[in-house]
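**Student:** coordinates only, sequence not included:
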């Protein structure tokens, strides 16, 4: 996954939830896929319907991501909300890294929305 890492605010906080909001339009026919990686736990909503969730096991040199087919939840214009929880403390099952979100929404190989500078 080659999207840019984004975050609202400081990336070194503890126990922080952040919502990321976006809008995208579909191109007609074809599957709509969202790829997502973050530090640590996330949930994804399209048009106010939860379409996926997960926990990324991210190591400094290896970033995992999830893919969800969101086609059946999409219309022509769609609202996207991704909520990310950043734990921010080392534990037995979590290695603290800076908070981030990376995502892309694609249809037929074309970007509809992705994480970036804006």
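**Tutor:** Noted; the coordinates are in hand. Please read all numbers here as calculations on a predicted model, not as lab measurements.

**Student:** Is residue 108 in contact with residue 26, as I believe?
**Tutor:** No: contact between residue 108 and residue 26 fails when scored by CB atoms under 8 Å: they sit 9.9 Å apart. (C-beta placed from N, C-alpha, C; glycine too.)

**Student:** Between these two, which is the more surrounded one?
**Tutor:** With neighbours defined as other CB atoms under 10 Å, residue 108 and residue 26 compare such that residue 26 has more, 18 against 13.

**Student:** Distance of that one relative to residue 48?
**Tutor:** Separation of residue 26 from residue 48 (CB to CB, to the nearest Å): 17 Å.

**Student:** for residue 96, same thing?
**Tutor:** Distance, residue 96 to residue 48, by CB to CB: 32 Å.

**Student:** neighbour count winner among these two?
**Tutor:** residue 96 (15 against 8).

**Student:** Tell me which residues touch that one, please.
**Tutor:** 87, 88, 89, 90 (CB atoms under 8 Å, 6 or more residues apart in numbering).

**Student:** can you list the residues you listed in a markdown table and add secondary structure and neighbour count?
**Tutor:** Putting the contacts of residue 96 into a markdown table (DSSP: H, G, I helix; E, B strand; the rest coil; neighbours: other CB atoms under 10 Å) gives the following:
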| residue | secondary structure | neighbour count |
| --- | --- | --- |
| 87 | coil | 20 |
| 88 | coil | 19 |
| 89 | coil | 9 |
| 90 | coil | 10 |
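
**Student:** thought residue 117 was touching residue 4?
**Tutor:** Yes: here residue 117 lies in contact with residue 4, judged by CB under 8 Å, at a distance of 6.8 Å.
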